[in-house]
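S.K.: Return atomic coordinates for the entry below.
(one chain, ligands or ions: 4)
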Amino acid sequence: MLVLVVLGCPSPDPDDSGAQDTDTHESEVDVDEDGVAADEDCDDYDPDAYPGNTESWDGRDNDCDGWVDGRGDFAGDHAVSTTAVYEGEDVPFLLDCPTEFARNPGTLSFSVRCEPDQEDADAMLLLGEVLTLTPIDNGVSGQEWVGEVLFQSTNGWSATGSGAASWVGMDQVVLTTVLDTVSLDWSGSGLLSRVE
Ligand SMILES: [Ca+2]
Ligand SMILES: [Ca+2]
Ligand SMILES: [Ca+2]
Ligand SMILES: [Ca+2]
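M.R.: Ligands and ions are numbered 1, 2, ... in the order given. So this is what the prediction gives:
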């Protein structure tokens, strides 16, 4: 029993060192030895995460800004050049489509919402009042995504095209969309920026 009691009290109580000494001591704690003290480090048990570090695609918040890799919400415009074929004639349109985009661990989602000029009868007939693009394939890893994209018109038609997303750093994404059918050629592209 005597031995156990002695081992149970291996060191002096830190409170005995006094308030000033304790503060100084805490600011110097750097458990992961990444050069950033515990009270400044977002994860003092991970030497690859500290303020001032460069973010990399490793599933960690390397630079301690609260964002892991390229995850988060993004928004921007999608510039579209599209040509519909109607009664043998090519009918071109230019569209500017607001886009919302989100990346979560392992998945992404987006919605490209195109609203052609309602006074353009050809656009209303061929594209519809609202044309929405959403991803069919949601899985993503690293800084590139390629997958199928569903085109849906309020006119009732839908089609499957393709898309790609490419991260520029961690705070911007370039989204491109393509559709190539006998009745509609579509090419869209836009830069999306992180929504803080
Ligand atoms: Ca540290
Ligand atoms: Ca750290
Ligand atoms: Ca990271
Ligand atoms: Ca980060």
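
S.K.: How about the residues of this protein by ligand 4?
M.R.: Counting by C-beta under 5 Å from the ion, the positions of the chain adjacent to ligand 4 are 55, 61, 63, 65, 67. Bear in mind the C-beta positions are built from the backbone N, C-alpha and C, glycine included.

S.K.: ok, and of the residues you listed, which contact ligand 3?
M.R.: Of the residues in the residues of the chain next to ligand 4, proximity to ligand 3 by C-beta under 5 Å from the ion holds for residue 55.

S.K.: Export the residues of the chain next to ligand 4 to CSV and append columns for pLDDT and secondary structure.
M.R.: Conversion of the residues of the chain next to ligand 4 to CSV gives the following (pLDDT from 0 to 100; DSSP: H, G, I helix; E, B strand; the rest coil):
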residue, pLDDT, secondary structure
55, 96, coil
61, 97, coil
63, 97, coil
65, 94, coil
67, 94, coil
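
S.K.: count of neighbours near the residue of the chain found nearest ligand 1?
M.R.: Shortest the chain-to-ligand 1 distance, computed as C-beta to the ion: residue-wise this is residue 41, at 3.8 Å. The local packing count at residue 41 equals 21, with neighbours defined by other C-beta atoms under 10 Å.

S.K.: Distance-wise, check it relative to residue 170.
M.R.: Per C-beta to C-beta, to the nearest Å, residue 41 is found 19 Å from residue 170.

S.K.: related to what we said a few turns ago, specify which member of the residues of the chain next to ligand 4 is nearest to residue 142.
M.R.: residue 55 (13.1 Å; C-beta to C-beta).

S.K.: doesn't residue 64 make contact with the closest one?
M.R.: No - here residue 55 lies out of contact with residue 64, judged by C-beta atoms under 8 Å, at a distance of 9.5 Å.

S.K.: domains of this structure?
M.R.: For the chain, the domain assignment from automatic domain parsing gives the residue ranges 18-67, 72-194.

S.K.: Tell me which of these is the most buried.
M.R.: Most buried of those, by mean neighbour count (mean count of other C-beta atoms under 10 Å): domain 72-194, with a mean of 16.
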